[in-house]
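K.L.:
sharing a sequence plus its predicted fold:
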Amino acid sequence: MIEYAVVRSRRKTIAIQISPAGNITVRCPARMSQREIRQFVESKAGWITAHLNRIAQEPVLPPFSESQLQEMVQWAKDTLPERVDFWAAKAGVTYRRITVRRQHTRWGSCSSKGSLSFNCLLALVPEEVLDYVIVHELCHRKQMNHSPAFWSEVARLLPEYPQAKAWLKEKGVSLISRLPEP
Ligand SMILES: [Zn+2]
């Protein structure tokens, strides 16, 4: 029997989500019956089991060493300005400066005065994901929030952004877990 949590909402479809720790959440329309939900989950049992097996087999990777981190910081400092300038021009925004940090909780941030800060772990993410983080922070120069207007600005620049966002959600946690304690 597969254990799962149910989150009901105004969505129209049912979907299963598995967290990096292997917790299963079913998101479904408000009126769906327990029986329908159970049937859906059972119909996906093969996929769920395969996914859970994969998580169980993932090696626990050691924390990054000081020299690895310094390399990442250097890479980010060398690489980010050009890419940020490219996207800032496309977005039609300006920014103040760029800093690179080891951050345990975020991939980037944008202050109200326009200073951008990026996580050095971006050195290890795919290019599309790096672009997404840059575009996300630059769009905060127009919208200091995560309103629909903000997301439509992100989508205008990077229509494929949901994949990058999903990548961070799925794989980002394991990268962040390898940062040594501050
Ligand atoms: Zn944001």
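P.N.:
Thanks, I have it.

K.L.:
in this protein, which spans are helices?
P.N.:
Per DSSP state H, the chain carries helices over the ranges 34-43, 45-57, 66-91, 127-139, 148-157, 161-167, 173-176.

K.L.:
so which elements touch the fifth one?
P.N.:
By that I understand helix 148-157. Contacting helix 148-157 under the criterion 3 or more CB pairs under 8 Å, 6 or more residues apart in numbering; DSSP states H and E are the following elements: helix 66-91, helix 127-139. From N, CA and C alone the C-beta is placed, and that goes for glycine too.

K.L.:
buried residues of that helix, list them for me.
P.N.:
Phe150, Trp151, Glu153, Val154, Leu157 (16 or more other CB atoms under 10 Å).

K.L.:
Arg141: which of those is nearest?
P.N.:
Distance to Arg141 across these (CB to CB) is lowest for Glu153, with 9.6 Å.

K.L.:
my guess is the closest one contacts Cys139. True?
P.N.:
Yes. At 4.6 Å, Glu153 counts as touching Cys139 under the criterion of CB atoms under 8 Å.

K.L.:
shared neighbours of those two, which are they?
P.N.:
Common contacts of Glu153 and Cys139 (CB atoms under 8 Å, 6 or more residues apart in numbering): Ala91.

K.L.:
can you list the domains in the protein?
P.N.:
Following automatic domain parsing, one finds the domains of the chain at 5-57, 66-176.

K.L.:
any idea how far the longest one is from the chain center?
P.N.:
Its chain's C-alpha centre lies 10 Å from the corresponding centre of domain 66-176 when counted by CA atoms, centre = their mean, to the nearest Å.
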